[in-house]
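>>> Would you be able to build a 3D model of this:
(2 chains)
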Amino acid sequence: MIRPDELTTTALAASKADGCIVVLTDTSEVNLRWANSTMTTNEHTTTRSFAVISVFGASVGVVSGNGVDLDEVRSVVAASEDAARQSGPSRDAAPLIDGPADDDYDAPAAATEIGVFARLTDELAAAFRASSNELLYGFAEHRLETTWLASSTGLRRRWVQPTGTVELNGKVAGDLTRSAWAGSYTADFTDLDFTALAAEVRRRLSWSGRQVELPAGRYETILPPSAAADLMLYMAESMDGRPAHEGRSPFAAPGAQPSDKPGSERPGGGTRLGERFTDLPLTLSSDPAAPSLQTAPFLVTTASGDSVSVFDNGAPIHRVDWLRDGTVNALAYSRAAADELGGQFTPPPENLLLTGGSSASTDDLVASTERGLLLTCLWYIREVDPVSLLLTGLTRDGVYLIEGGEVVGQVNNFRFNESPIDLLRRVTEVGATERTLCREWKDWFSRTAMPPIRVPDFNMSSVSPAS
Amino acid sequence: MIDPEFLALPLRQVADAALGRARELGAEHADVRIERTTQQLIRLRDGTVAMAQDSSSVGLAVRVIVEGTWGFASHLELTPQSAVATTERAIEVARTLRPLNAERVELAAEPVHADAVWVGDHEIDPFTVPLGEKVTLLSEWSSRLLAADGVEHTDVTFRAAKETKFYADSAGTSTTQQRVRMHPALTAVTVDRASGSFESMRTCAPPTARGWEYLAGNTHWDWDTELARIPEWLAEKVKAPSVQAGRYDLVIDPTNLWLTIHESVGHATEYDRAIGYEAAYAGSSFATPDKLGTLRYGSPIMHVTGDRTQAHGLATVGYDDDGVATSQWDLVAGGTLVGYQTDRVFARRLGLERSAACAYADSPHHMPIQRMANVSLQPDPDTDTATAELISGVQRGIYIVGDRSWSIDMQRYNFQFTGQRFYRIESGVLAGQLRDVAYQATTTDFWGAMEAVGGPSTWSLGGALNCGKAQPGQVAAVSHGCPSALFRGITVLNSREEAGQ
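Numbering: from 1, shown residues only, chains lettered A, B, ... in the order given. I've put the predicted structure just below:
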C-alpha cells in the first residue's frame, strides 16, 4: 500500500486549485457477533478512504477514492477540481486553516487484530457454558481509525481514534420473554470488565421472575445512563445554529425576526440561547480531552452540513458546554455561519457528557423510589414533531417495577412519546455521571457519560407486546 | 453492460489465488467477492450547493467455512498476494473462533452458475451525467418551490449509487453483476415566526433502480405536477385543524403504506430475525417458525410476496451474494404466514431445498447476511378498484399520503407512523387536510383490519435506500410495491397532545 505521507504529498503536489485539503483514513477493525449462545459472524477488515477537497474561490468539490495507487490519487484530485468548478459558490466558504504539523505525521497506521479479543473470547466461552438457563446474544468490536489531514496551507495532522464496544443481551430460555442488556465502551479492551457486564445481565434477569402487566400512562421513571444518553444525543444533534436562526428548529425562539442576531437587544437573537431549560444545575458538554472518551482535538470532515464545513478542516476543537447550569449556552456553527449569524465557531459534538447531578447511583435512585419504573435502554427512536422535538421509541430489554425502594418484578415494554427538551424541564433528580453506551445511536456515537435521571411523569403512550 | 474498467481488474487471478489458498488450508467452502461501489451525494440548501460528494470504493472479500465455522476477512488491495493473505486471515479468524461455535454452518445445495452476467435495467448511467447538469436541474426545481408564496426554505438531497460485483466460489459459480439506483428528494419549508412554529413537505417520489432518465422528464414520475402542488399542499397543511385523537378508518396511499409493509411484514418475515440472530440488535420477530403455515397475519385478502426480480426494484439482482439465482415467492397468502426470506444457511436450517437468494453484503468489507427482498402487497386480482372508490366506502376516516416518521418495536408488534399529508374523509369524500396525525397499531390487528385493497392501477413501487441491519451495521436498498388499501378502526394519536402541548 502507498504510505500515507506519500499519498497526501502526491495529492497536494497534483493540485491546481486555490486551496486543497486531503483527508486520509486507514481503518483496521475486528468484530465478532454471537446469538443463541453461539458465535455467528465475524470480520477482520482493512480499509482506506481518501478524500480530496479542492477549493476555487468560494467553490468546493469533494471526491473520495481508495488511495491504492498514485495514478488513482491524481485522478481523484482532478475529479474534485472538476466538481468544484461545477458546484457554484458555497455559503460556508472560509479561508483554509493554517499549520501546525504533527511530529508523528509520518507514523504508520495503527492496526488491531483478532487477538485483542483473547480475554473476551475466554470469558464469553465460559459465559456460554455457564448459561444453561439463558441464551446469550451480543457483539464486540474494536476499531482503530488513523486519520491524516494535510492541506495546501501547511496543515499536517495525524490522529488515531480507538473505538471499542461490547454489548451483552441475555434471555431466559423457553419463550424468551425475559430479556436483559448491558453494554460498555472501551478504547482498547484492557479496561473491559466482561464479568461485570455478565453479572449485571444476570441480576436483571433475576428481577424478571415476577411479571407484572401495566397499562399505558404516565409513570415515575428512572432512566439509566444509557437511556439518558440516547435522548440527550438527539437533542444535541438538533442544536445547529443556522436552522435555529431561520426559525426551523426546536431551538428557534417564538417571536423572532430573521434579522435577529445574538448580541442584539433580544437575548439569544431569535434562538433559545440563554433560555433556562431546567432549574437543576445540569451541564451538557462535549470535550475532546474527556478522560477515556477522547476524540480528535481538531476538526476532520469530508461533508458540509448546517453546522459543519469542509472549509473548517483542522480547526482546533475545545470543550463546548451546550447547556451550562441548566441554560442553553451554545449552538453549533461553522466559521462562516458564525460570522454571518453572529455566533461562535462551534463544531457538533464528538462525545457527550451530562454532569451536575448528585453522587447517587442508579441503585440509589431505585432505593429512594416509592413506586415507579426502572428502564434498561431505549430503541427505535424517531422524531415525530420537529417543532417540539417530540420523539417516539420503545423501551427495550427490561422495564422493572419499583415498590418501596426495591425492584419487585418485570413489566411489559412500552412505546413512549417524549421530547428531551420537555423532559429536562420535568426532571426532578439526577445522579452521578458514568461512562455509558447508548443503545440506539451507538453505531454512530459511542462516547458518552451520563447520569441516571428521575422523571416524575414519563409518557408511556401504549403497550408493546415485544420482549 | 458491465463497466469495462471493472472487467479490466484482475478478477480471475485474485479469485483463483484466494480459492486455491482456501482449498490448501482445508476450507470446506470458500467464496470471493470483488466489488466496486460508486456513490454520489448532492445537497442543495435554498437552491445553492451545500455539499457535493463523490466516492468510490473497491475491495476484496474472502469468506470461508472451516470445521463448520465462518471466517471472513477483507482488504482493499486487489492483487493475488493480497488475496492469499486475506484468505489466511479469514482462516485464522475461523480457527480462533471455532471454540465459540455450537452450530455447524451448512449450506443448502444450489446449482452452479458459471460465468453468469446480469445488469439491472436502466437507460442513463447517472455517473455519466456531469455534476453541473445535475446541479442545474436540482437548483431549477428548488427555485420553483422557493418562488411560491409561503415557502421560505428548500432542502434538496440527491443520492445515486452504482454497485458492480464479481463473485466466485469453490463450487464453481461465478457471477458478474451491475446495478444503479438513485433518489432525489425535495423539501419545502414554511416558518411561522410569531408562534415559533414551522412545517415542511417533501416529494413522494421514491428511490428507484433506474438511471438519470428518472429525473429527465415526467415519464417515470410527474415532477412538474408534484413540484407545482407542494406549496399549496403545504399552505393548506399549516392552516389545517389538528386531528382529534381516536379510532378512524384509514385509506393509506402506496406512498405511505410501503413503509408500513417494510417494517411490519418485511422485517418480521426475515428468517434470521425469527430465530434470534438479530435479537440483540435489529430485533427478532413475532412470526416465529412454529407459526409457519398457521399464523393469521392479516385478513384473507392479504397477499404478500418476496422477490428479487421486480423490474427497477432496489433489492433486485440476478444472483445473490451466496451465488444463488433470484426468484419470487409467497410470504403471506390468504392472510396466513406461508414463507420466509432466507439465504443458503437459513434455508437449510428451515428444512428447505432451496435458498430464497437473500444473501447480501453492502460492501466488500462486510460479511453477507440475509437481507430483505422486495416485499410487496399484491393488488386486488379481480377488480381494479380505484383509491377514490376505497375512500367512498368510509364515513369518518383519514386518507394518508407520503411517509415521514416511523418506529416499530424489536419483535415487530407495535408501530407508529406519521405521513406527509392527511385528508379527512367525511361521508365518502375528502374534506381538507388535517395535521398532527400519527397512527399506532399492533401488526396483526392492523393487517387483520384491512378490508379492501385497490386494484392494479393503484399499485406503485416505493422503497428506501437506508434499511439498516446487522453488527457492524450494514445498509441496504429495498423496494415495496403496494396498492392503496382500506383499514377499519385504527388508533390515531394527536402528536401535539402526545408532546403535552
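
>>> so how many other residues sit close to residue 312?
I'll assume chain A. Residues lying near A:D312 (other C-beta atoms under 10 Å in any protein chain shown) number 26. Backbone N, C-alpha and C define where each C-beta goes, glycine included.

>>> actually it's chain B I care about, not the one you picked
20.

>>> where in the chain is pLDDT low?
You didn't pick a chain, so chain A it is. By pLDDT under 70, the low-scoring segments of chain A are A:256-269.

>>> actually chain B
B:501.

>>> so which residue of it comes closest to chain A?
Per C-beta to the nearest C-beta, B:G196 is where chain B lies closest to chain A, at 3.0 Å.

>>> For that residue, which non-adjacent residue is closest in space?
Nearest non-adjacent residue to B:G196, counting by C-beta to C-beta, 6 or more residues apart in numbering or on different chains: A:P254, 3.0 Å away.

>>> wait, what's in contact with the one you found?
For A:P254, the contact set (C-beta atoms under 8 Å, 6 or more residues apart in numbering or on different chains) comprises B:R193, B:A194, B:S195, B:G196, B:S197.

>>> Using neighbour counts, trim these to the buried set.
B:R193, B:G196, B:S197 (16 or more other C-beta atoms under 10 Å in any protein chain shown).

>>> could these go into TSV alongside distance to B:P207 and secondary structure?
Formatted as TSV, the buried ones among the contacts of A:P254 follow (distance: C-beta to C-beta, whole Å; DSSP: H, G, I helix; E, B strand; the rest coil):
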residue	distance to B:P207	secondary structure
B:R193	34	coil
B:G196	33	coil
B:S197	30	strand
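
>>> What's the nearest residue in chain A when you look at chain B?
Closest point on chain A to chain B, by C-beta to the nearest C-beta, is A:P254, at 3.0 Å.

>>> Just confirm that residue is within a helix.
No: counting by DSSP: H, G, I helix; E, B strand; the rest coil, A:P254 is not part of a helix but coil.

>>> Please report the distance of it from A:M235.
Computed as C-beta to C-beta, to the nearest Å, the A:P254 to A:M235 distance reads 18 Å.

>>> hey, where'd the helices end up in chain A?
In chain A, the helices defined using DSSP state H lie at A:4-14, A:70-87, A:118-130, A:194-207, A:225-237, A:241-245, A:335-341, A:362-367, A:420-426.

>>> which residues of the stretch 251-400 of chain A fall in strands?
Along the stretch 251-400 of chain A, the segments classed as strands by DSSP state E, counting those that start in this stretch run A:283-286, A:320-324, A:327-328, A:352-355, A:371-374, A:377-385, A:390-396, A:399-403.

>>> out of these, which comes closest to B:E110?
Between B:E110 and the strands of the stretch 251-400 of chain A, the shortest separation by C-beta to C-beta is 34.8 Å, and it involves strand A:377-385.

>>> which secondary structure elements does that closest one contact?
In this structure, strand A:377-385 packs against helix A:225-237, strand A:390-396, strand B:396-408, helix B:495-498, with contacts taken as 3 or more C-beta pairs under 8 Å, 6 or more residues apart in numbering or on different chains; DSSP states H and E.

>>> who's in contact with the shortest one?
If I follow you right, that is helix B:495-498. Residues contacting helix B:495-498 (C-beta under 8 Å, 6+ apart): A:384-385, A:388, A:390, A:392, A:417, A:459, A:461, B:242, B:245, B:418, B:436-438.

>>> One more pass at 6 Å, please.
Here helix B:495-498 makes contact (C-beta atoms under 6 Å, 6 or more residues apart in numbering or on different chains) with A:V384, A:D385, A:L390, A:N417, B:D436, B:A438.
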